[in-house]
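In: Fold the following.
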Amino acid sequence: LQSRNKLQRILYKMITRHLIAALLFSVLNSVVEGFIAPHKPTFYPSVLYSEREGAIAKPKIGQKTAVEVKTVQKVEIKKRVEPGKPVTRKAEEFEEAPLFKVMLIGDQGYDAGHVIERITGLMEDLDDDAASSIFQQAQMAGKAMCGKYPMEHAEMYKEQLLRSDPMIFADIEDENE
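Out: Numbering: from 1, shown residues only. You can find the predicted model right below:
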């Protein structure tokens, strides 16, 4: 009984594979025939077809329309420059970015060494002597200018000073104020 069931399964698999192969062959054959010699589609009469008039919506085949295309050509005249003269180009016009002042605000709780070290670490254009004089001026006058920078840089310097531990108070002001 087991051998009979086993034989049936083997036959079933063989028949299934054979049917799949035959189906693939017929599909591929029809595709190849369609590429080599396309056949005329079969016409099935429908409700839209009438024997005496033909199709209700009869398309006009072979109708040609005249289309006139005009092309405009741009002619560019290049000035010739003598070989000895340099070619001059137009000067580029651009606006300078507005500058903002980074202001150090004086506070009696500051440690001078910490403030000077932090300022010189952040702002590469300042050395120890310049940072020291800015610190002294901020302590005397209440605030002192560290430098003028584009807005993004000025904001970054202010934030970095405020995030110092201990905190160093700073602000930014418009250059024109």
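In: now the strand or helix carrying residue 27: mean pLDDT?
Out: Assessed by DSSP states H and E, residue 27 sits inside helix 2-36. The predicted model gives helix 2-36 an average pLDDT of 76.
In: Output stretch 10-19 as PDB - backbone C-alpha positions only.
Out: Provided in PDB are the C-alpha atoms of stretch 10-19 (Å, rounded to 0.1, in the frame of the first residue of the first chain):
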ATOM      1  CA  ILE A  10       5.800  10.200  -8.200                       C
ATOM      2  CA  LEU A  11       3.400  10.000 -11.200                       C
ATOM      3  CA  TYR A  12       1.500  13.100  -9.900                       C
ATOM      4  CA  LYS A  13       4.800  15.100  -9.800                       C
ATOM      5  CA  MET A  14       5.800  13.900 -13.300                       C
ATOM      6  CA  ILE A  15       2.400  14.800 -14.700                       C
ATOM      7  CA  THR A  16       2.400  18.200 -13.000                       C
ATOM      8  CA  ARG A  17       5.900  19.000 -14.200                       C
ATOM      9  CA  HIS A  18       4.900  17.900 -17.700                       C
ATOM     10  CA  LEU A  19       1.800  20.100 -17.700                       C
END
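In: now the helices for the chain?
Out: 2-36, 112-122, 128-141, 151-162 (DSSP state H).
In: I'd like these as TSV, with distance to residue 173 appended.
Out: (C-beta placed from N, C-alpha, C; glycine too.) Formatted as TSV, the helices of the chain follow (distance: least, CB to CB, whole Å):
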stretch	distance to residue 173
helix 2-36	78
helix 112-122	17
helix 128-141	14
helix 151-162	9
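In: and of those, who's closest to residue 102?
Out: helix 151-162 (4.9 Å; CB to CB).
In: Show me what that closest one is packed up against.
Out: On a contact count with 3 or more CB pairs under 8 Å, 6 or more residues apart in numbering; DSSP states H and E, helix 151-162 meets strand 99-105, helix 112-122, strand 143-150, strand 170-174.
In: let's see it at 6 Å
Out: strand 99-105, strand 170-174 (3 or more CB pairs under 6 Å, 6 or more residues apart in numbering; DSSP states H and E).
In: Can you check which of those strands gets nearest to residue 150?
Out: Per CB to CB, nearest to residue 150 of the helices and strands packed on helix 151-162: strand 99-105, 6.4 Å.
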